[in-house]
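Asks: I would like to see how this sequence folds:
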Amino acid sequence: MRIKILALALSVLCVVGCENSNPNFVVTNNVRTNVLRVIDDTPDLQVDGDPVTLARLTVSDSSGGIIYGPVEEVYDEEMVFEGLPLQGGTATLEYQRAQGFTLARYSTSLDFASDDDGIITLDSPAPQLLGGPPQWLTVRLVNKSDYPAEEVFVCVLGKDKQNTGFFYLKFEADGSTSMQPFGTTADFEKHSTALSSMTREGPGEYSFPCPYDKLVSGRIYLSFGKKLQGLGLVPGGGPLDLVTPSATGAPDAQTLYEFMELSATIQDTPGAEYILFANTSVVDFFSVGLGMTLRYHDDATESEKTETVGFVENARNLVLQAFGTGGSVPEEFKRTVIKDGTASVLRVLSPVQAVSVAPSGTTASFLNSAIDEGWSHYAGTVLNIPDNLSFRYGYQWTGQPVTAGTLSMTCTQKPPGDVAGGDLESLGETCNLPKPTTRIIFFCDDDGPLNGPVRNTWRNDGSQGHKRLCSLLSAAINRG
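Replies: Numbering: from 1, shown residues only. Below is the predicted model:
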């Protein structure tokens, strides 16, 4: 997903039900209702040409802890914020183009204890410009699991653009964050932070600013009940030797966790947009089921947009029913369900993981019959692969009947973006593919010995055309 970064909301759909917590998330200890009025005679305020649409108020105490908010109001010439605490503190008003995109900021001291009527008015405050687009996006986490916020742990990680090392996101008491170099796995306690330590936006809703200058190959890990212990650098290794949790091995195989990909790319071209790649990944296993909502500004249409992807609210129950007794999933795959010591389901392994754990198990031969039928059919029928009309990728191939177990396909068209030449030239390349195994198709790769040109293997390597051909055939065989 290629976008101009603004804000992202992630829903945790582990178990039906919401976090048991006080629905009144605004901290208030006062008897009377304290009110802050913000008066501005510029209702169509713009900052460097960008219109202000929202105002977001937060009040912090002397140690930086948040004692009110954040509360958002539609920007207008008069805005009213109610329920502020008697306790003195620093009020910070953010002027936003959209949720998560702050253009300017104004701060002032408040002390309702010394105020007679509990109404403080800010008349025409002068916000300070931030000087360019923000270097972070706002991530909001919505906890719909049965785990309280104190038992939901978050780790955000990524690399810097120069590829010098991996970093994790450190959370401060005042709600700010910064990317810090990873420690070893022995330091796992500091790599994850409880949801309850983040800025609370509402019942079950929390947020944090996520800098994206060190978010290359980034991920967000969520664990439930305890922190992930297998997350850190290899002891004695370098800053790029990062170990991530294993769904099948110690120390985290018995921990309920999930992750999503969140990778940001900052292009070298001056003025070029930042690019965010976000994906609720289930390549290795299905565990919790995440939903994701993305809010961003579309420069092409000059409008705010919202996109929602991921799993539906009841997804986990539906998946586990399908994998349970009498469920619709083939018996071979029901053996991929992993449970903890109390027989509660932790996750369902993907076929790739299942074959890795049990290379001689029933899953490792599941596609054999489909592969045999396909190779038998195309021994007497020519396979030609045209471009996909609904989602064009620009390649076409013509084939020869399977001979001596080998399928020969020649690339007759490539897209303009494939400019490689020489050994990596796609156009005119003939790939002689041997009959694959179930493992090769599930992996969409072949890590066996290389005894000839890579174009005559199922390796995810070689020309762009070869890699595309292998992925298309693997997808077709996967579908039977």
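
Asks: count of residues packed around the nearest residue in space to Y378 that is not next to it in sequence?
Replies: Nearest non-adjacent residue to Y378, counting by CB to CB, 6 or more residues apart in numbering: V402, 5.0 Å away. From N, CA and C alone the C-beta is placed, and that goes for glycine too. By other CB atoms under 10 Å, the residues close to V402 number 21.

Asks: And Q267, by the same measure?
Replies: 11.

Asks: Which of the helices or strands spans it?
Replies: Q267 belongs to no helix or strand when elements are defined using DSSP states H and E.

Asks: Let me know whether it touches K161 as I believe.
Replies: No - using CB atoms under 8 Å, Q267 makes no contact with K161, being 9.8 Å away.

Asks: gap between the nearest residue to F259 once chain neighbours are set aside and S365?
Replies: Among residues not flanking F259 along the chain, Y221 sits closest, at 4.6 Å (CB to CB, 6+ apart). Per CB to CB, to the nearest Å, Y221 is found 33 Å from S365.

Asks: Give the residue from those two that has the larger number of neighbours.
Replies: Y221 (22 against 15).

Asks: Shouldn't the more buried one be within a strand?
Replies: Yes - using DSSP: H, G, I helix; E, B strand; the rest coil, the assignment for Y221 is a strand.

Asks: thought it was touching Y168?
Replies: No - under the criterion of CB under 8 Å, Y221 makes no contact with Y168, lying 9.8 Å away.

Asks: Find the residues that touch each one of the two.
Replies: Taking CB atoms under 8 Å, 6 or more residues apart in numbering as the criterion, Y221 and Y168 both touch 155-157.

Asks: re earlier: am I right that the residue nearest to Y378 sits in a helix?
Replies: No - counting by three-state DSSP, V402 is not found in a helix; it is strand.

Asks: Would you state the helices of the protein in chain order?
Replies: 188-191, 315-323, 331-334, 351-357, 368-377, 438-443, 464-478 (DSSP state H).

Asks: from those, which stretch is densest packed?
Replies: helix 438-443 (a mean of 21; mean count of other CB atoms under 10 Å).

Asks: who touches it?
Replies: 351-352, 355, 359, 363-368, 371, 446, 458, 474, 477-478.

Asks: Recalculate using a threshold of 10 Å.
Replies: 350-356, 359, 363-371, 433-434, 436-437, 445-448, 457-460, 470, 473-478 (CB atoms under 10 Å, 6 or more residues apart in numbering).

Asks: can you tell me which residues contact L110?
Replies: So L110 contacts 34, 36, 59, 68, 84-91, 120, 122 (CB under 10 Å, 6+ apart).

Asks: Domain map for this structure?
Replies: 25-129, 136-317, 318-366, 370-478 (automatic domain parsing).

Asks: so can I have TSV of those showing mean pLDDT?
Replies: Listed next are these as TSV, based on pLDDT from 0 to 100:
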stretch	mean pLDDT
domain 25-129	85
domain 136-317	90
domain 318-366	92
domain 370-478	94
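
Asks: tell me the most buried of those domains?
Replies: domain 136-317 comes out most buried of the domains of the chain by mean count of other CB under 10 Å, with a mean of 18.

Asks: and the end-to-end length of that one?
Replies: End-to-end distance for domain 136-317, by CA to CA, to the nearest Å: 35 Å.

Asks: for that domain, the distance to its chain's centre please.
Replies: Chain-centre distance of domain 136-317: 7 Å, with CA atoms, centre = their mean, to the nearest Å.

Asks: same question, stretch 360-370
Replies: That offset, for stretch 360-370, works out to 32 Å (CA atoms, centre = their mean).

Asks: Can you list the neighbours in contact with it?
Replies: Counting by CB under 10 Å, 6+ apart, 330-333, 335-336, 349-358, 371, 374, 436-442, 474, 476-480 sit against stretch 360-370.

Asks: Go again with 8 Å.
Replies: Taking CB under 8 Å, 6+ apart as the rule, stretch 360-370 contacts 330, 332-333, 335-336, 351, 354-355, 358, 437-439, 441-442, 477-478, 480.

Asks: again with stretch 388-408
Replies: 375, 378-387, 409-418, 426, 430-435, 465, 468-469.

Asks: Can you show me the CA trace of it as PDB?
Replies: Once non-C-alpha atoms are left out, stretch 388-408 reads as follows in PDB (Å, rounded to 0.1, in the frame of the first residue of the first chain):
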ATOM      1  CA  ASN A 388      -4.000 -11.000 -16.400                       C
ATOM      2  CA  LEU A 389      -6.700  -8.700 -17.700                       C
ATOM      3  CA  SER A 390      -8.000  -7.700 -14.300                       C
ATOM      4  CA  PHE A 391      -4.600  -7.100 -12.700                       C
ATOM      5  CA  ARG A 392      -2.000  -6.700 -15.400                       C
ATOM      6  CA  TYR A 393       1.600  -7.600 -14.600                       C
ATOM      7  CA  GLY A 394       2.900  -7.400 -18.100                       C
ATOM      8  CA  TYR A 395       4.400 -10.900 -18.800                       C
ATOM      9  CA  GLN A 396       3.300 -13.600 -21.200                       C
ATOM     10  CA  TRP A 397       4.600 -17.100 -21.800                       C
ATOM     11  CA  THR A 398       4.200 -19.800 -24.400                       C
ATOM     12  CA  GLY A 399       4.800 -23.400 -23.500                       C
ATOM     13  CA  GLN A 400       5.700 -26.800 -24.800                       C
ATOM     14  CA  PRO A 401       4.100 -30.000 -23.700                       C
ATOM     15  CA  VAL A 402       5.700 -31.600 -20.600                       C
ATOM     16  CA  THR A 403       8.500 -33.900 -21.800                       C
ATOM     17  CA  ALA A 404      10.500 -36.200 -19.600                       C
ATOM     18  CA  GLY A 405       9.000 -34.500 -16.500                       C
ATOM     19  CA  THR A 406      10.000 -31.000 -17.600                       C
ATOM     20  CA  LEU A 407       7.700 -28.100 -18.400                       C
ATOM     21  CA  SER A 408       9.300 -25.600 -20.800                       C
END
